[in-house]
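[1] missing the sequence, but the structure's below:
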């Protein structure tokens, strides 16, 4: 997708975990891990494009805290010094969807659309860390009533269907702590989304997708319900609108909830 | 029943000293946090307003030993909506960090810390995964990250998983 939009992505093989999973146990260690990734990007003179909401928030927050707090920066640099690294400010961190929205822009993306998806309806799950905590995102979008992903979906011609409690958290962060609560959180969303007739739920975070897609069958069996709701990662949807091949180029073979009906409808349109 | 003999009046100051904990004393117990909490909406054993109150009262052991401090989904809804700027999500992190140092850690987080400390990420990458990536035209992912292992070596993450 990035290639089609002339966006050059470089894979940084030394990148490791953003730090989010250890923040609950040791927020200091989490910060050093985030700073390490930022330092690797800085050395290569690159900005960071993240694909997961939690990675985005942890790396953005680390950047912000380290820039403004010399004492903290010194502490982190002492740790990074042990692996011959140093935090360097200046690396921008942005979620892929935010890059699409801010740096390329819905109008420019729309020019590349070759297949109008006007017959399709989608609901969107934003995910918390794409929007919150508000103060780290410098006024990007509105966490109480976000619009950016709505616009990104609408530029394909598709309709965006609002639903009850659309900002509800996926529960992913506590899946391992108390599965029953996390799955109930995801179930409520699936209930609310499927109240309307939509072709799929669109997500922009792989972890949210785990809750709604990978765990969908488990929710169906635990609660004796049936959704069969396809869950697409936004770039997959955009790829369809660009006329790319669903299975070969857009990874539709990897979707856990079979999007066959959606693809059939797409073929029928042609 | 709360027995005042069991309370630790310094607990609030201990929490305030943690990163992001500074504003805990601002709480006037309005309940905006609990009203908007997506976890509380499902299960009332997680109640952010109550947790803050327990900290302010000094119920140190009850809070640190509890299961409920691990139930914050870190959605930051309360953080953004709190009229007093209490920064609840950071306070939940502070409480969990203190609990870890006291030897109380939820097994799920213990496992997450072990994985990150060992592999540099939350999961183990095997040859099979890299072969799949190769087939899709993606570069391989390193199986371990010694630098991250080194970073966590003298942290609470490491101590906890030993």
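    Yep, it's here. Predicted model only: the values in this text are computed from it and were never measured. Numbering: from 1, shown residues only, chains lettered A, B, ... in the order given.
[2] I figured residue B:30 hits residue B:83, correct?
    Yes - counting by CB atoms under 8 Å, residue B:30 touches residue B:83, with 6.5 Å between them. Using the backbone N, CA and C atoms, a C-beta is placed for each residue, glycine as well.
[3] which of those two has more neighbours?
    Per other CB atoms under 10 Å in any protein chain shown, whichever of residue B:30 and residue B:83 has more neighbours is residue B:30, with 13 against 9.
[4] residues near residue B:106, how many?
    21.
[5] Residue B:13 now?
    Using other CB under 10 Å, residue B:13 is surrounded by 12 other residues.
[6] and the one helix or strand it maps to, which residues are buried?
    Here residue B:13, judged by DSSP states H and E, is contained in helix B:11-17. Buried residues in helix B:11-17, counted by 16 or more other CB atoms under 10 Å in any protein chain shown: B:11, B:12, B:15, B:16.
[7] Any chance you could list what contacts stretch B:2-10?
    For stretch B:2-10, the surrounding residues in contact (CB atoms under 8 Å, 6 or more residues apart in numbering or on different chains) are B:57, B:58, B:59, B:60, B:61.
[8] Out of these, who's the most crowded?
    Ranked by the number of neighbours (other CB under 10 Å), the contacts of stretch B:2-10 place residue B:60 first, at 22 neighbours.
[9] residue boundaries of the helices in chain B?
    Using DSSP state H, the helices of chain B run over B:11-17, B:32-36, B:48-57, B:60-64, B:77-81, B:88-101, B:107-119, B:127-135, B:146-153, B:156-161.
[10] Confidence-wise, which of the ones you listed is weakest overall?
    Lowest mean pLDDT of the helices of chain B: helix B:156-161, a mean of 69.
[11] Tell me the residues of the stretch 151-270 of chain A that contact chain B?
    Listed as neighbours of chain B in the stretch 151-270 of chain A under the rule CB under 8 Å from any CB of the partner chain: A:167-169, A:171-174, A:176-178, A:181-182, A:184-185, A:188, A:251.
[12] Domain boundaries for the chain, per the record?
    Since no chain was named, I'll use chain A. Chain A breaks down into these domains under automatic domain parsing: A:20-95, A:106-269.
[13] think we crossed wires, I meant chain B
    B:4-101, B:107-161.
[14] Among those domains, show me which one is buried the most.
    Across those, averaging neighbours per residue (mean count of other CB atoms under 10 Å in any protein chain shown) puts domain B:4-101 on top, at a mean of 19.
[15] which other residues reach stretch A:62-77?
    When contacts are defined by CB under 8 Å, 6+ apart, stretch A:62-77 is touched by residues A:19, A:28, A:31-32, A:34-35, A:38, A:86-87, A:89, A:91, A:93, A:136.
[16] let's see 10 Å
    With contacts defined as CB atoms under 10 Å, 6 or more residues apart in numbering or on different chains, stretch A:62-77 is touched by A:18-19, A:28, A:30-39, A:48, A:80, A:85-93, A:135-138, B:19-20.
[17] Quote the end-to-end distance of that stretch.
    13 Å (CA to CA, to the nearest Å).
[18] residues touching the most centrally placed residue in chain B, list them.
    For chain B, the residue nearest the mean C-alpha position is residue B:93 (3.8 Å; CA atoms, centre = their mean). Residues in contact with residue B:93 (CB under 10 Å, 6+ apart) are A:23-27, A:30, B:18-21, B:69, B:72, B:74, B:87.
[19] For burial, what's the neighbour tally of the nearest residue to residue A:2 once chain neighbours are set aside?
    The shortest distance from residue A:2 to any non-neighbouring residue, by CB to CB, 6 or more residues apart in numbering or on different chains, is to residue A:9 (4.9 Å). Neighbourhood size, residue A:9 [other CB under 10 Å]: 12.
[20] what does residue A:105 give?
    When neighbours are counted by other CB under 10 Å, residue A:105 registers 13.
[21] measure it to chain B for me?
    26 Å (CB to the nearest CB, to the nearest Å).
[22] same thing with residue A:136?
    For residue A:136, the distance to chain B equals 10 Å [CB to the nearest CB].
[23] Would you check that that residue makes contact with residue A:57?
    Yes - the criterion here is CB atoms under 10 Å, and residue A:136 meets it with residue A:57 at 6.7 Å.
[24] list residues touching both of the two?
    Common contact partners of residue A:136 and residue A:57 (CB under 10 Å, 6+ apart): A:93, A:129, B:76.
[25] want to throw the residues you listed into a markdown table with distance to residue A:1 and pLDDT?
    Formatted as a markdown table, these follow (distance: CB to CB, whole Å; pLDDT from 0 to 100):
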| residue | distance to residue A:1 | pLDDT |
| --- | --- | --- |
| A:93 | 19 | 98 |
| A:129 | 21 | 98 |
| B:76 | 28 | 98 |
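[26] ranges for the strands of chain A?
    In chain A, strands defined by DSSP state E lie at A:48-50, A:93-95, A:121-125, A:159-160, A:200-203, A:231-233, listed in chain order.
[27] circling back to that earlier point, report the contact partners of the residue nearest to residue A:2.
    So residue A:9 contacts A:1, A:2, A:3, A:46, A:49, A:96, A:99 (CB under 10 Å, 6+ apart).
[28] picking that back up, can you tell me which of the residues of the stretch 151-270 of chain A next to chain B lies closest to residue A:228?
    Proximity of these to residue A:228, judged by CB to CB, is greatest for residue A:188, which lies at 17.5 Å.
[29] Leaving out sequence neighbours, find the closest residue to the closest one.
    Leaving aside its chain neighbours, residue A:188 sits nearest to residue A:168 (6.4 Å; criterion: CB to CB, 6+ apart).
[30] could you list every residue that touches that neighbour?
    Counting by CB under 10 Å, 6+ apart, residue A:168 touches A:125, A:128, A:185, A:186, A:188, A:189, A:192, B:38, B:41, B:42, B:75, B:77.
[31] swap the cut-off to 7 Å and go again
    By CB atoms under 7 Å, 6 or more residues apart in numbering or on different chains, residue A:168 lies in contact with A:185, A:188, A:189, B:38.
[32] Tell me the spacing between it and residue A:24.
    Residue A:168 sits 21 Å away from residue A:24, going by CB to CB, to the nearest Å.
[33] For the residue nearest to the spatial centre of chain A, list the residues it contacts.
    Chain A has residue A:205 as the residue nearest its centroid, 2.5 Å off, counting by CA atoms, centre = their mean. Residues in contact with residue A:205 (CB under 7 Å, 6+ apart) are A:52, A:53, A:127, A:130.
[34] Could you give the number of residues near the second one?
    Just to be clear, that refers to residue A:53. Neighbour count of residue A:53, defined by other CB under 10 Å: 26.
[35] what do you get for the last one?
    Counted with other CB under 10 Å, the burial measure for residue A:130 works out to 26 neighbours.
[36] Sounds good, over and out.
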